[in-house]
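A.B. asks: Sequence first, predicted model second:
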Amino acid sequence: MDSRDQTSWFELMPPDGPGPTVVAVPYAGGSGRAFRSLRRHVPADCGLALVDLPGHGRQVNGTCLRDADQAATGLLEALDALPATGFVLLGHSLGGVLAYEVAARLTERGAPPAGLVVCGSRAPFTGLGHPPVAHMPSGEPFLRAAVDLGLAAPEMLELPDLAEAFGGMLQADMAMTASYHRPGTGRLAGDRGAVLSVGCRTRPPGRDAAAAVSSGVGRVRRPRRRASAGRAAPPGSPSAGNWPQT
């Protein structure tokens, strides 16, 4: 992967000091720009890197990935190219899964992130949390099942242009969510950095996520919250399992 490809994974907002970079990974069907408003909540000495997976946002001309392992590998390689002193990983829904997996891999290689913030996402060992839909025929059958489960907005069925633009992307992201598996309890080894989980039912970045980022980046304390709910894609989905306390 060349440097141009690595840079295309992020919309970068540079820091004004030596603090870590907050890496924000969006929900299924979303792009990094969903987190732009976090800039005013992140300390000035910290950077902000908004992630666009292949086929999303700045990488819209790329091919959507359907495998979480492949997405995490690509994101980790892209992070290695960033000029940052450290990372706080933030993910919402699908982004929470990928943020956790990247944090686990960084920890395993002896370079854990400065913090991990997971919003509206199930614990990594609890499974999908709703009937699988990614395997269904593309187009209306998939979208209708996703809408019925609360995994996609009803407008996806009412507006053909919207369905054509985002249906395939959403289905690929749902397949990615379903593909994820990491055995164990979900605990990260070591005791460096804050680990927070925030249950939320609103499209990010909500106030809870912003507060969690500010607290984690500021390194004021090690909060330990449990997620109350999550979803694979907005707006809304069945309640999610809790993350383990660390």
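C.D. replies: Looks like it came in fine.

A.B. asks: Tell me where this structure has strands.
C.D. replies: For the chain, the strands defined by DSSP state E occupy 10-13, 21-25, 47-51, 87-92, 115-119, 194-198.

A.B. asks: how about the ones you listed, which one is nearest Pro160?
C.D. replies: Proximity to Pro160, assessed across these by C-beta to C-beta, is greatest for strand 87-92 (27.3 Å). Where C-beta positions appear, they are placed from N, C-alpha and C, glycine not excepted.

A.B. asks: residues near the residue lying closest to Asp45 once chain neighbours are set aside, how many?
C.D. replies: Using C-beta to C-beta, 6 or more residues apart in numbering and skipping the chain neighbours, the partner closest in space to Asp45 is Gly17 (2.7 Å). Neighbour count of Gly17, defined by other C-beta atoms under 10 Å: 10.

A.B. asks: before we move on, the earlier item: out of the strands of the chain, the one nearest Leu159 is which?
C.D. replies: Per C-beta to C-beta, nearest to Leu159 of these: strand 87-92, 23.5 Å.

A.B. asks: Would you mind writing the CA trace of that closest one as PDB?
C.D. replies: Extracted in PDB, the C-alpha atoms of strand 87-92 (Å, rounded to 0.1, in the frame of the first residue of the first chain):
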ATOM      1  CA  PHE A  87      -3.800   7.200  19.100                       C
ATOM      2  CA  VAL A  88      -7.100   7.300  20.800                       C
ATOM      3  CA  LEU A  89      -9.400   5.000  18.800                       C
ATOM      4  CA  LEU A  90     -13.100   6.000  18.600                       C
ATOM      5  CA  GLY A  91     -15.700   3.900  16.900                       C
ATOM      6  CA  HIS A  92     -19.500   3.900  16.500                       C
END
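
A.B. asks: Which neighbouring elements make contact with it?
C.D. replies: Judged by 3 or more C-beta pairs under 8 Å, 6 or more residues apart in numbering; DSSP states H and E, strand 87-92 is in contact with strand 21-25, helix 94-108, strand 115-119, helix 207-218.

A.B. asks: Could you list every helix and strand in contact with the longest one?
C.D. replies: For helix 94-108, the contact count by 3+ C-beta pairs under 8 Å, 6+ apart identifies strand 21-25, helix 68-80, strand 87-92, strand 115-119, helix 160-179 as packing neighbours.

A.B. asks: which parts of it are buried?
C.D. replies: 94-107 (16 or more other C-beta atoms under 10 Å).

A.B. asks: Touching that helix from outside, list them.
C.D. replies: With C-beta atoms under 8 Å, 6 or more residues apart in numbering as the test, helix 94-108 has contacts from 23-28, 30, 51, 68-69, 71-72, 75-76, 79, 87, 89-91, 112-113, 116-121, 124, 173, 176-177, 180, 182, 186, 188-190, 230, 232-233.

A.B. asks: Quick check: Leu50 vs Thr126, distance?
C.D. replies: Distance, Leu50 to Thr126, by C-beta to C-beta, to the nearest Å: 27 Å.

A.B. asks: Between these two, which has more neighbouring residues?
C.D. replies: Leu50 (25 against 14).

A.B. asks: what's the closest non-adjacent residue to Pro113?
C.D. replies: Phe87 is the one closest to Pro113 (C-beta to C-beta, 6+ apart), at 4.6 Å.

A.B. asks: Since that was my last question, I'll sign off now.
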